[in-house]
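Asker: Whatever this is, show me its structure:
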Amino acid sequence: MREHGIPKGPMPHPAVQNPHPPAKTDHIKRKYLDVPYASLSPAQKLDIYLPDEGNGPFPVIMSIHGGAFLGCDKADAQVEPMLRGLKRGYAVVAVNYRLSWEAKFPALVHDVKAAVRWIRANAARYGFDPNRIAAWGGSAGAYLAAMLGTSAGVPELEDMSLGNPDQPSHVQAVAAWFPPTDFLAMDEQLAESGLGPTPGMEHSGPESPESLLLGEQITKIPERVRAANPATYITPAAPPFFLQHGTADTVVPVQSSITLAAALEKAIGKDNVRLELLEGAGHADPRFEAPENVEKVFAWLDERLKGA
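Answerer: Got it, this is the predicted structure:
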């Protein structure tokens, strides 16, 4: 029996008080749910959705849910924008990963990389194209998508014991909505924009999602914070990135995407980095999932993965 919303664990954190409802997937004919991609934790499962017709090989969208690193689920409504890709010939693989109350950084990065390796190892079985994989997520999911994009081949961020060590874990494109990047800069950046931080919800506090993820108050562990920043690992080998962020985001400052985009541009060129700021949009604003915006993301993915 699958469970939605906040998984079993400690009392819900204020950052995820309103879990998303389950995604509507009854209409999808071909799906495989709760498939294990590793065996260390019950969290290491994924859901596979295939187009109604064809045998592939399908380009793959790896959907990574947000939830402040400590809540939400691969099968909640966050996957619905990605599922629109089924009609465009994409396979969608929605991934769960160990949350911060179960395991600390870099466990969640190990997990999503293990999931990419699993996708490649099982490409023939499910009709995946192992050479066309995009990572797409919002908030904590966008953070993980960005880590997949920047840190390919970094040994400490890869746990080969989770399976399929003969497969690479790089991706060919990243779509990231409002990703947190430099955790230590977030409160200052929000203050600069006149948007916070909200008292009692400071990112630098001992019970913040970021401190809980890294296992200690982030102000005391700057080196660990640097190790958790996707920008730390950028090289010219990074894939194309599409970043979107709301200018009125009071949770993850817009500077998180601006600074990441600037660093990526230096390494992979402006043509491979697209940054769009949604004026007046907040965190997880409905405008991100609006049909016209999702269409924009898919048009970009088509160009990068299909040569359209």
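
Asker: Residue 92 sits in which helix or strand?
Answerer: strand 91-95 (DSSP states H and E).

Asker: And that strand, what does it pack against?
Answerer: Strand 91-95 is packed against strand 45-50, strand 58-64, helix 80-83, helix 107-121, with contacts defined by 3 or more CB pairs under 8 Å, 6 or more residues apart in numbering; DSSP states H and E. In short, each C-beta sits where N, CA and C put it, glycine included.

Asker: From residue 49, how far out is residue 26?
Answerer: 12 Å (CB to CB, to the nearest Å).

Asker: the more surrounded of the two?
Answerer: residue 49 (24 against 7; other CB atoms under 10 Å).

Asker: Is it correct that the more buried one is in contact with residue 28?
Answerer: Yes. Counting by CB atoms under 8 Å, residue 49 touches residue 28, with 5.4 Å between them.

Asker: Now for these two: what residues contact both?
Answerer: Residues touching both residue 49 and residue 28 (CB atoms under 8 Å, 6 or more residues apart in numbering): 83, 86.

Asker: which element is residue 293 on?
Answerer: Applying DSSP H and E, one finds residue 293 within helix 291-301.

Asker: Can you give me the buried ones in that helix?
Answerer: 293-294, 297-298, 300-301 (16 or more other CB atoms under 10 Å).

Asker: Do a quick rundown of the strands in the stretch 51-200 of the chain.
Answerer: Under the criterion DSSP state E, counting those that start in this stretch, strands of the stretch 51-200 of the chain are mapped to 58-64, 91-95, 128-138, 173-177.

Asker: for the longest one, packing partners?
Answerer: In this structure, strand 128-138 packs against strand 58-64, helix 107-121, helix 140-150, strand 173-177, helix 291-301, with contacts taken as 3+ CB pairs under 8 Å, 6+ apart.

Asker: Tell me which residues touch residue 56, please.
Answerer: By CB under 8 Å, 6+ apart, the contact set of residue 56 is 50, 91, 126-129.

Asker: again, only this time at 10 Å
Answerer: When contacts are counted by CB atoms under 10 Å, 6 or more residues apart in numbering, residue 56 touches 50, 89, 91, 123-124, 126-129.

Asker: gap between it and residue 91?
Answerer: On the measure of CB to CB, residue 56 and residue 91 end up 7 Å apart.

Asker: joint contacts of these two?
Answerer: 50, 123, 126-129.

Asker: Same list (the residues you listed) but as CSV, adding pLDDT.
Answerer: Output for those, formatted as CSV (pLDDT from 0 to 100):
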residue, pLDDT
50, 98
123, 98
126, 98
127, 98
128, 98
129, 98
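
Asker: thinking again about what came up before, just name the most buried of the helices and strands packed on strand 91-95.
Answerer: Comparing these by mean neighbour count (mean count of other CB atoms under 10 Å), strand 58-64 ranks first with a mean of 27.

Asker: I'd like the mean pLDDT over it, please.
Answerer: Computed over strand 58-64, the mean pLDDT rounds to 98.

Asker: With just CA atoms, put that strand into CSV.
Answerer: These are the backbone C-alpha positions of strand 58-64, laid out as CSV (Å, rounded to 0.1, in the frame of the first residue of the first chain):
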residue,chain,number,x,y,z
PHE,A,58,12.0,6.9,-24.9
PRO,A,59,14.0,9.9,-23.6
VAL,A,60,13.6,9.9,-19.8
ILE,A,61,12.4,12.6,-17.4
MET,A,62,13.6,11.9,-13.9
SER,A,63,11.1,13.6,-11.6
ILE,A,64,12.5,14.5,-8.2
